[in-house]
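Colleague: sequence? don't have it. structure:
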């Protein structure tokens, strides 16, 4: 069973946002989504999240840069790279940016549940 939590998904692909929101809500979590890294930063300033999933390849702000900026605002929030292009980044580069792990697209429900379980249990409640 996954603990209650508030999750943010940032991805420039609307189908990925809809899919992730559906999965997260099915497992009992409150899911927020945005296709804009700038909007994600605004959301993180206004609300605490247990976990954030970030696509690595997006227009305007690279996923690693967004991760670093979110960590400055909410240092205890778990952040996962959620991308079909994680192979373009060195693992130490992702870790240095602040990612807790990587989930490759397309993700299975079990992979998402595992990431959520680890992060929600490790994070203080919002």
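Modeller: Structure's in. What do you need? Just so it is clear, the model here is predicted, and its values are computed rather than measured.
Colleague: Show the residue spans covered by the helices in this structure.
Modeller: Using DSSP state H, the helices of the chain run over residues 14-26, 37-46, 63-73, 91-97, 109-122.
Colleague: Roughly how far does the residue positioned nearest the centre of the chain sit from residue 76?
Modeller: Centroid-nearest residue in the chain, with C-alpha atoms, centre = their mean: residue 53, separated by 1.2 Å. Residue 53 sits 16 Å away from residue 76, going by C-beta to C-beta, to the nearest Å. C-betas here are computed from N, CA, C, even on glycine.
Colleague: what's the most buried one of the helices of the chain?
Modeller: Ranked by mean neighbour count, the helices of the chain are led by helix 63-73 with a mean of 19 (mean count of other C-beta atoms under 10 Å).
Colleague: residue ranges with poor pLDDT in the chain?
Modeller: Within the chain, the set of residues satisfying pLDDT under 70 comprises 1-4, 120-126.
Colleague: Quick one: distance of stretch 64-81 to the chain centre.
Modeller: How far stretch 64-81 lies from its chain's middle: 9 Å, per C-alpha atoms, centre = their mean, to the nearest Å.
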